[in-house]
Every structure is written in C-alpha cells, then in structure tokens.
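Undergrad: With the input below, show me the fold.
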Amino acid sequence: MTIVDYLEALAALAVALSLLMAKAWVLQQRTGNSGWVDTFWTFSVGLVGAFGAIWPVAGILPGTRQWLVAVLVAVWALRLGGHIVLRSRGSADDPRYAELTRQWGDAAPWRMFVFLQQQAWGAIPLVFAVFVAAHAPAPELRLQDYLGILVLVLGIAGEAVADAQLKAFRRDPANKGKVCDVGLWRWSRHPNYFFEWVCWLSYPVIALSADHPWGLASLLAPLMMYWFLVHVTGIPPLEEHMLRSRGERYRAYQARTSMFFPLPSRFLLSSKRVT
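TA: Predicted structure coming up:
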C-alpha cells in the first residue's frame, strides 16, 4: 500500500463519520433524547471501522486478517451499542447532554451539531487504527493477531461485567440514593470506561510490527479514547452529575476509589496500615 492509499482511506473514513453524526444530530433534535447520540456514535464507528477493514485496496480482495478485524470491531459495536439502546429506552434524556443543552440555551441546536461533529472527527483515529490493523502486510495470521483478539475479548467481557453489576445494583430498591461500590466498582469509579479503553489496545497489538510503519498510527486509538473518556465526554460530566445527585456519598467514594485504572481501595490500604 502506498501513502496515497492510506490518505484516500483516511479521507473516506472521515467523510463517512461526519455524515453519520450529522444524521445523529437530526435524530437527537427530533426525539429530544440525547442518549441516542451515544448509540449512533457507537454503531457509526463500528460500521465505518468494519467497512474500512475490508476495504479492497488496489483491487485486492479482503483476506483473513481484514475479515478478522472487521468482525472484532463489529462485535464491539453490537455489544456496546445494544447496551446503550437498552439504557436509552428507559430514560427521558442523558443527564450529561441535558446539562450541556441547558448551558447552551437558545444556541443549543447549533452547538449540539458542532459538538457531534467534533465527536465524529475525534473518532477518526479509532477507525483509522482499525484500517491500519486490518491491512498489516503479513499474509498469514501471527501470534500478535491472536493476542489482539484476546485483548478485545478481555475488554468486552470486563465492560459487560461492570455494566451488569451496575444494573443489578440500581435494580435493588435498598440501594436507592447510594453509590455503586460493589464488584469492579470497588476497584475503579469507572470500570466500564477502563475496559472500553482496553478494547482499543487490541488494534495496536495487531498493527505494530517492524515492517509496518503505518502501524504506529494505531496507537492514536487508545490515546484518543483515553482522552475522551477521562477528560472530555466521559468522566468529567458524569462525575459532575453524580456529585449533584449523590453529594457527600460520592465525594467519599471519590476519596477511596481510583478514578480510572482498577486499584485497591485507598480506604482499605489505610486501614491495613492502622492495624
């Protein structure tokens, strides 16, 4: 593959994401439920990523690795997108986006469009990482391809467990007004986000090799996902909402629990030192 092939693919992926997130904006405006935005974004990344994976560059039909990577990103999108669909059906609006809409006032429709386009452009490194991994030059599957599968399975499984634990906690009437700190949530305040980030480590595992310089571009996927989750649309607005709704209970949870990476409870560690 030449640099022109990579640049053409990058441009096509970017245009596709932009158009799909424009459609997400139309849906959000019509329904008034911003929760569908995350659903649309997830399925858009999965669709564009899978399409990029099997892109027949230079007229060459997709091989085993290309189909493998397409399946990986499709499985990720179906699992996460399906979870968000079920969550959005049971709520009037996503509190994070609702707060943004309130802050934007009369300019909310236009600001939301720009915001969703920013999400589209922010997803470009993700789908490009999928493309780069799928088009690694080695003709046969290697050990690192199987390791990439293992990393993605670990990420999906961990995220699914975290989501299930949170759902079970919320279903118990005795936990109303409390903060979920059971299972994986005792080790991280956002274990679902952590394992989502782990999913995107799978593509560098597949893509990086000495004979594939473009494989370095795959590192942008976990870097971008970490930035999104920890600093932009993930943790900051969610924790602001939790502080408003849970107050001191959530502050205590913040004090004793790691924000992102699963770590032993600081409260338990300090207790052990005392004893």
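
Undergrad: List the residue ranges of the stretch 1-150 of the chain that fall below the pLDDT cut-off.
TA: Applying pLDDT under 70 to the stretch 1-150 of the chain flags residues 58-59, 90-93.

Undergrad: CA-only coordinates of the helix or strand containing Ile206, as PDB, when you get a sec.
TA: Per DSSP states H and E: Ile206 is located in helix 202-207. Only the C-alpha atoms of helix 202-207 are listed here, as PDB (Å, rounded to 0.1, in the frame of the first residue of the first chain):
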ATOM      1  CA  SER A 202      -6.200  -4.600  20.600                       C
ATOM      2  CA  TYR A 203      -5.600  -2.800  17.300                       C
ATOM      3  CA  PRO A 204      -2.000  -1.600  18.100                       C
ATOM      4  CA  VAL A 205      -1.300  -5.200  19.300                       C
ATOM      5  CA  ILE A 206      -2.300  -6.400  15.800                       C
ATOM      6  CA  ALA A 207      -0.900  -3.500  13.800                       C
END
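
Undergrad: List the contacts of the helix or strand that comes right after that helix.
TA: Note on helix 202-207: by DSSP H and E, the next helix or strand toward the C-terminus is helix 220-227. Here helix 220-227 makes contact (Cβ atoms under 8 Å, 6 or more residues apart in numbering) with 122, 125-126, 128-130, 196-197, 200-201, 203-204. Where C-beta positions appear, they are placed from N, C-alpha and C, glycine not excepted.

Undergrad: Val151: which of those residues is nearest?
TA: For the contacts of helix 220-227, the minimum distance to Val151 (Cβ to Cβ) is 5.4 Å, reached by Leu201.

Undergrad: Would you agree that closest one is in contact with Gly155?
TA: Yes - with contact defined as Cβ atoms under 8 Å, Leu201 reaches Gly155; the gap is 7.4 Å.

Undergrad: low pLDDT regions in the stretch 151-275 of the chain?
TA: In the predicted model of the stretch 151-275 of the chain, residues 266-275 satisfy pLDDT under 70.

Undergrad: Which parts of it are helices?
TA: 191-199, 202-207, 220-227, 235-246, 248-256, 266-274 (DSSP state H, counting those that start in this stretch).

Undergrad: Arrange those in JSON lines, one row each, with distance to Trp76 as further columns.
TA: Formatted as JSON lines, those follow (distance: least, Cβ to Cβ, whole Å):
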{"stretch": "helix 191-199", "distance to Trp76": "6"}
{"stretch": "helix 202-207", "distance to Trp76": "9"}
{"stretch": "helix 220-227", "distance to Trp76": "12"}
{"stretch": "helix 235-246", "distance to Trp76": "20"}
{"stretch": "helix 248-256", "distance to Trp76": "28"}
{"stretch": "helix 266-274", "distance to Trp76": "32"}
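
Undergrad: Which of those helices has the highest mean neighbour count?
TA: Greatest average neighbour count among those goes to helix 202-207 (a mean of 27), per mean count of other Cβ atoms under 10 Å.

Undergrad: So which elements touch that one?
TA: If contacts are counted by 3 or more Cβ pairs under 8 Å, 6 or more residues apart in numbering; DSSP states H and E, helix 202-207 sits against helix 64-89, helix 124-134, helix 143-171, helix 220-227.

Undergrad: roughly how far out does that helix sit from the chain middle?
TA: In terms of Cα atoms, centre = their mean, to the nearest Å, the centre of helix 202-207 is set 16 Å apart from its chain centre.

Undergrad: neighbours around His212, how many?
TA: 19 (other Cβ atoms under 10 Å).

Undergrad: That one against Pro137, yeah?
TA: Yes - judged on Cβ under 8 Å, His212 makes contact with Pro137 at a distance of 5.7 Å.

Undergrad: How many neighbouring residues does Ala98 have?
TA: By other Cβ under 10 Å, the residues close to Ala98 number 18.

Undergrad: What is whichever strand or helix holds it packed up against?
TA: Per DSSP H and E, Ala98 falls inside helix 95-104. Contacts defined by 3+ Cβ pairs under 8 Å, 6+ apart place helix 95-104 against helix 108-122, helix 235-246.
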